[in-house]
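Student: sequence? don't have it. structure:
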């Protein structure tokens, strides 16, 4: 690779912080570079929408970005680790924001996180869903919530109880199958960008997600090509929206 880290990772570059890149369930978060200190192999990035903290659990972390090679785009990255968590990092206009100083190590790596990218829900881009399991209907507005979405599947947070009554959706087990209908909602629009009905299969369950809820990672079954294109467009729009938000912070 002819490019150097100094050339690729520079201030105002949009990046992805990827945790557990080489696992079955990598997690990526959009960010932007605020500053660099390459002689020390340090890069300061914005806290992503869902903050990374000293208690965030991961086995490995990479910082990645898209790079153009002629007519082709490739994602490249470097292995890194959090060094300092800033609660009030000082920007040019004397405003203070959350940031992370990352310490990186070479070499540069070609990476692929297209299918792995999990987009956290935000105020601007949301997913409304109806899930049918064991002949019962469950709704994202009251029975469960969607933590994140990717081309491959969803992360679901399921409360253990609803109005002091046990939530029967907690009966989901690994390999359980269900049917789901999703509405992909974009900013300032009453109508969804797309409506996607399909089957899902539970890939993993965390019964100890919190004191009052469990986590279910589900994968899509038989996602058609046209629906995959719509879903990919939705995720891409959300990534750009988050990068624009971070860019505004960087410019103020």
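Tutor: Nice, I can see it. Remember, predicted model here, so these are calculated numbers, not experimental data. Numbering: from 1, shown residues only.
Student: top helix in the protein by residue count?
Tutor: helix 225-251 (DSSP state H).
Student: What's the mean pLDDT across it?
Tutor: Computed over helix 225-251, the mean pLDDT rounds to 79.
Student: tell me which residues in that helix are buried?
Tutor: For helix 225-251, burial by neighbour count (16 or more other Cβ atoms under 10 Å) applies to 227, 230-231, 234-235, 237-239, 241-243, 245-246, 249-250. (Each C-beta comes from the backbone N, C-alpha and C, glycine too.)
Student: what's it packed up against?
Tutor: Applying 3 or more Cβ pairs under 8 Å, 6 or more residues apart in numbering; DSSP states H and E, we find helix 225-251 packed against strand 14-19, strand 27-37, strand 42-46, strand 119-120, strand 177-185, strand 194-210.
Student: Quick check: which of those is nearest to residue 104?
Tutor: strand 42-46 (6.2 Å; Cβ to Cβ).
Student: which helices and strands does the closest one pack with?
Tutor: Applying 3+ Cβ pairs under 8 Å, 6+ apart, one finds that strand 42-46 contacts strand 27-37, strand 72-90, strand 96-111, helix 225-251.
Student: let's go with 7 Å and repeat that
Tutor: strand 27-37, strand 96-111 (3 or more Cβ pairs under 7 Å, 6 or more residues apart in numbering; DSSP states H and E).
Student: Direction included, what does that strand pair up with?
Tutor: strand 27-37 (antiparallel), strand 96-111 (antiparallel) (DSSP bridges).
Student: The first one to strand 72-90, inter-axis angle?
Tutor: Going by axes from the mean of the first three to the mean of the last three Cα atoms, to 10 degrees, strand 27-37 is angled at 70 degrees with respect to strand 72-90.
Student: How far does strand 27-37 sit from its chain's centre?
Tutor: Strand 27-37 sits 13 Å away from the centroid of its parent chain (Cα atoms, centre = their mean, to the nearest Å).
Student: and if you look at the longest one?
Tutor: Its chain's average C-alpha position is 17 Å from that of strand 96-111, according to Cα atoms, centre = their mean.
Student: The nearest residue to residue 103 once chain neighbours are set aside: neighbour count?
Tutor: Leaving out its chain neighbours, the residue that sits closest to residue 103 by Cβ to Cβ, 6 or more residues apart in numbering is residue 83, at 4.5 Å. Residues lying near residue 83 (other Cβ atoms under 10 Å) number 15.
Student: my guess is residue 83 contacts residue 105, does it?
Tutor: No: contact status for residue 83 versus residue 105: not in contact, 12.0 Å apart, counting by Cβ atoms under 7 Å.
Student: Most tightly packed of the helices and strands packed on strand 42-46?
Tutor: strand 27-37 (a mean of 21; mean count of other Cβ atoms under 10 Å).
Student: relative to strand 14-19, how tilted is that strand?
Tutor: 120 degrees.
Student: about what we covered before: distance of the residue nearest to residue 103 from residue 28?
Tutor: Going from residue 83 to residue 28 by Cβ to Cβ, to the nearest Å gives 20 Å.
Student: just residue 20 next, same as before
Tutor: Computed as Cβ to Cβ, the residue 20 to residue 28 distance reads 10 Å.
Student: Please apply the same query to residue 50.
Tutor: With Cβ to Cβ as the criterion, residue 50 and residue 28 are 11 Å apart.
Student: go on, residue 88?
Tutor: Distance of residue 88 to residue 28, given as Cβ to Cβ: 26 Å.
Student: still on that earlier bit, which of the helices and strands packed on helix 225-251 has the lowest mean pLDDT?
Tutor: When I compare these, strand 119-120 is least confident, with a mean of 80.
Student: residues in contact with the helix or strand that that one is followed by?
Tutor: On the C-terminal side of strand 119-120, the closest following helix or strand by DSSP states H and E is strand 126-133. By Cβ atoms under 7 Å, 6 or more residues apart in numbering, the residues outside strand 126-133 that reach it are 121, 137-140, 144, 146, 149, 169, 172, 178-185.
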